[in-house]
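*Asks:* Sequence and predicted structure are below.
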Amino acid sequence: MQVPGLIPGYQPGPPAGQGRKNNTLAVASLVLGLVQLVGWFIVLPGLVTAILAIVFGFVSINQIKRSGERGRGLAIAGVVLGFLGIIIAGLLLIAGAASNSQQ
C-alpha cells in the first residue's frame, strides 16, 4: 500500500526528539565500574562488581554492533574502570604483602 507523500522504498526515521536508545547493559557496565571503586573497601563486592562491569561491557559492545544502539563509549568506560580497579587492587595487594614480609 502506497502512503501519500512518501517516496517508494523510503523508511522514515524516528520521530523528532526520539533518537536511538542507550544500551541498558552499557549503562549497567558504567555504573558497576564506578560502584566497584567504593566496593573495594569491602574487597569481595569490589571484585564482583569489577568483573560484572567487564562482562556487561563486552556483552553490550557486541549488542551495540548488531543493533545500532547508542552507548559504546559507556560500555568501554565500564570495561576500563573494571580493569583499572582490578589492577590497582592487585598492585595494592602486592605492595601490602611485600611490606608485611619485610617486618
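*Replies:* Cool, the structure landed. From a predicted model like this one, the values you see are computed outputs, not experimental measurements.
*Asks:* Three-state assignment for the closest residue to Leu25 other than its chain neighbours, please.
*Replies:* Using Cβ to Cβ, 6 or more residues apart in numbering and skipping the chain neighbours, the partner closest in space to Leu25 is Ser60 (3.6 Å). Just so you know, the C-beta spots here come from the backbone N, C-alpha and C atoms, and that holds for glycine as well. Per DSSP: H, G, I helix; E, B strand; the rest coil, the secondary structure class of Ser60 is helix.
*Asks:* Break down this protein into its helices, ranges please.
*Replies:* 24-39, 44-67, 72-101 (DSSP state H).
*Asks:* so which of these is the most packed in?
*Replies:* helix 24-39 (a mean of 20; mean count of other Cβ atoms under 10 Å).
*Asks:* so the residue nearest to Leu25 touches Ala26, yeah?
*Replies:* Yes: using Cβ atoms under 8 Å, Ser60 is in contact with Ala26, at 4.1 Å.
*Asks:* re earlier: quick one: the helices of the chain as JSON lines, columns for mean pLDDT too.
*Replies:* Below are the helices of the chain laid out as JSON lines (pLDDT from 0 to 100):
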{"stretch": "helix 24-39", "mean pLDDT": "91"}
{"stretch": "helix 44-67", "mean pLDDT": "92"}
{"stretch": "helix 72-101", "mean pLDDT": "91"}
